[in-house]
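> got a sequence here, can you build the structure:
(one chain, ligands or ions: 1)
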Amino acid sequence: MKTIETPFTRMLNIQYPIIGAPMFLVSNVDMVTEISEAGGIGTFPALNYRPIENYDAAIKEMKSRTQKPIGVNIIVNKSNTRAQDDVRIALKHGVELFITSLGSPKEVIIEAHKNGAKVICDVVNLEHAKKVQDLGADGVIAVSTGAGGHAGPISPIVLIDWLQKKLSIPVIAAGGVADGATMASMLTLGAAAVSIGTRFIACKEATIEQAYKDAVVRSTPEDIVMTTRVSGTPASVINTDYVKKIGLDLPWYLKVLKDKKLTKKYVVPLIHYLGSKSLEQAATAPSWKTVWSAGQSVGLIEDILSCREIMEKLVSEYEACLEKAPRLK
Ligand SMILES: Cc1cc2nc3c(=O)[nH]c(=O)nc-3n(C[C@H](O)[C@H](O)[C@H](O)COP(=O)(O)O)c2cc1C
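Residues are numbered from 1 along each chain as shown. Okay, here's the model as predicted:
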């Protein structure tokens, strides 16, 4: 069996350094198990399964369908009251990898390590990366500009090279990777793996609206805009007519209330709730309120394939790309 070996594949004993990134409303049991079975590691946000009994059942099913490692994404900010239980349930089923985002991963790292699981943490800069390294994280996911979801502000080329030179733990590249060439660019910069979201929106296994998948295939990088309307922090979405109509910024009264000490703790969860409701509406049923989350790599996606086909294409393009690279003769 051929492998692309890196510190990340050795850490989890997997074939390829490819993470099927967690995607709110998109990642599901089929995608996670297919990506892991195809040699990468499939992951999903715990909150894709509500109530918590459905989450328990989803992991149980994944674990019955693949012996290979899978990962769970835990949002570690205060508004996620399920975090502790989500970690406990995942560990009960033997989940091998946690991806933390948006807050301090301390508790997740402690619990995971007690049970032999690994934790990698989303970061967008060196300061946060050093903090999670000091807390004992097993790696960082460096989320660059152009990524789907909450993209960072720094170019992937600079971010990956910078972090991998300054840290002693593996750096995983997230943002803009959707084919063999982008994957090769990140691995040659020193990334230990790539974490790919947007490419997997256009997969056969995703149970989202067909119009959402078609929009990913049709869109160009110039169609991606950053909006604060979804969660209060900038997130990448496709600039649909509906997004154009509602604008990219929160209404002034929510902005004022969000920044006031007294109202902040009520308004921030409200913005999250309203934003995730509108994403859910657009992703899972026909709607004219099309708020579709995706990153700039939409420009590299031309077809809807199965997860296995996407994985095979990434690996074969990656190889071809390295062979084509100009060398000193
Ligand atoms: C539709 C969508 C939903 C996402 N949801 C989450 C999420 O729930 N948690 C998270 O940590 N990251 C989330 N992300 C970010 C991805 O995990 C990953 O970092 C990103 O997609 C990588 O960039 P790419 O889209 O350019 O491949 C999401 C991304 C997309 C496109």
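> can you tell me, leaving aside adjacent residues, what's nearest to residue 111?
Closest residue to residue 111 apart from its sequence neighbours, by Cβ to Cβ, 6 or more residues apart in numbering: residue 87 at 5.2 Å. Using the backbone N, CA and C atoms, a C-beta is placed for each residue, glycine as well.
> how far off centre is the host helix or strand of that neighbour?
Following DSSP states H and E, the helix or strand that holds residue 87 is helix 83-92. Chain-centre distance of helix 83-92: 19 Å, with Cα atoms, centre = their mean, to the nearest Å.
> just the buried positions in it, please.
83, 86-87, 89-91 (16 or more other Cβ atoms under 10 Å).
> ranges for the strands of the protein?
18-20, 41-45, 70-75, 97-101, 118-123, 139-143, 171-174, 193-196, 224-227, 235-238 (DSSP state E).
> for this protein, give me the ranges with low pLDDT.
285-286, 288 (pLDDT under 70).
> which residues of it lie near the ligand?
Within the chain, the residues that sit near the ligand (Cβ under 6 Å from any ligand atom) are 21-24, 26, 45, 73, 101, 122, 143, 147-149, 174-177, 195-198, 201, 293-295, 297.
> mind giving me the domain ranges of this protein?
Structural domains assigned to the chain are 7-207+301-324, 220-284, following automatic domain parsing.
> point out the most buried one among these.
Mean neighbours per residue, mean count of other Cβ atoms under 10 Å, is largest over these for domain 7-207+301-324, with a mean of 21.
> nearest to the ligand: which residue in this structure?
Proximity of the chain to the ligand (Cβ to the nearest ligand atom) peaks at residue 197, 2.0 Å away.
> quick one: that residue and residue 295 touch, right?
Yes. Residue 197 is within contact range of residue 295, at 6.6 Å (criterion: Cβ atoms under 8 Å).
> overlap in contacts, these two.
147-149 (Cβ atoms under 8 Å, 6 or more residues apart in numbering).
> nearest to residue 31 among these?
Comparing the shared contacts of residue 197 and residue 295 against residue 31 with Cβ to Cβ places residue 148 closest, at 14.6 Å.
> hmm, residue 295 and the closest one touching each other?
Yes. With contacts counted by Cβ under 8 Å, residue 148 reaches residue 295, the gap being 3.4 Å.
> common neighbours of these two, please.
Common neighbours of residue 148 and residue 295 (Cβ under 8 Å, 6+ apart) are 175, 197-198, 236.
> quick one, longest helix in the protein?
In the chain, taking DSSP state H as the definition, the longest helix is helix 261-284.
> ok now that helix, how far from the chain's centre?
With Cα atoms, centre = their mean, you get 20 Å for helix 261-284.
> CA atoms only for it, dumped as CSV, please.
Output in CSV follows, covering the C-alpha atoms of helix 261-284 (Å, rounded to 0.1, in the frame of the first residue of the first chain):
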residue,chain,number,x,y,z
LYS,A,261,-20.8,45.2,28.1
LEU,A,262,-24.3,44.9,29.5
THR,A,263,-26.0,43.4,26.4
LYS,A,264,-23.0,41.5,24.8
LYS,A,265,-23.7,38.2,26.6
TYR,A,266,-27.3,38.1,25.3
VAL,A,267,-26.7,39.5,21.9
VAL,A,268,-23.7,37.3,20.8
PRO,A,269,-25.6,34.0,21.3
LEU,A,270,-28.6,35.6,19.5
ILE,A,271,-26.5,36.5,16.5
HIS,A,272,-25.1,32.9,16.4
TYR,A,273,-28.6,31.5,16.7
LEU,A,274,-30.1,33.7,13.9
GLY,A,275,-27.0,33.1,11.7
SER,A,276,-27.0,29.3,12.0
LYS,A,277,-30.8,29.3,11.4
SER,A,278,-30.3,31.1,8.1
LEU,A,279,-27.4,28.8,7.1
GLU,A,280,-29.5,25.8,8.0
GLN,A,281,-32.5,27.0,6.0
ALA,A,282,-30.4,27.5,2.9
ALA,A,283,-28.3,24.3,3.2
THR,A,284,-31.0,21.8,3.8
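> what's the angle between it and strand 70-75?
140 degrees (axes from the mean of the first three to the mean of the last three Cα atoms, to 10 degrees).
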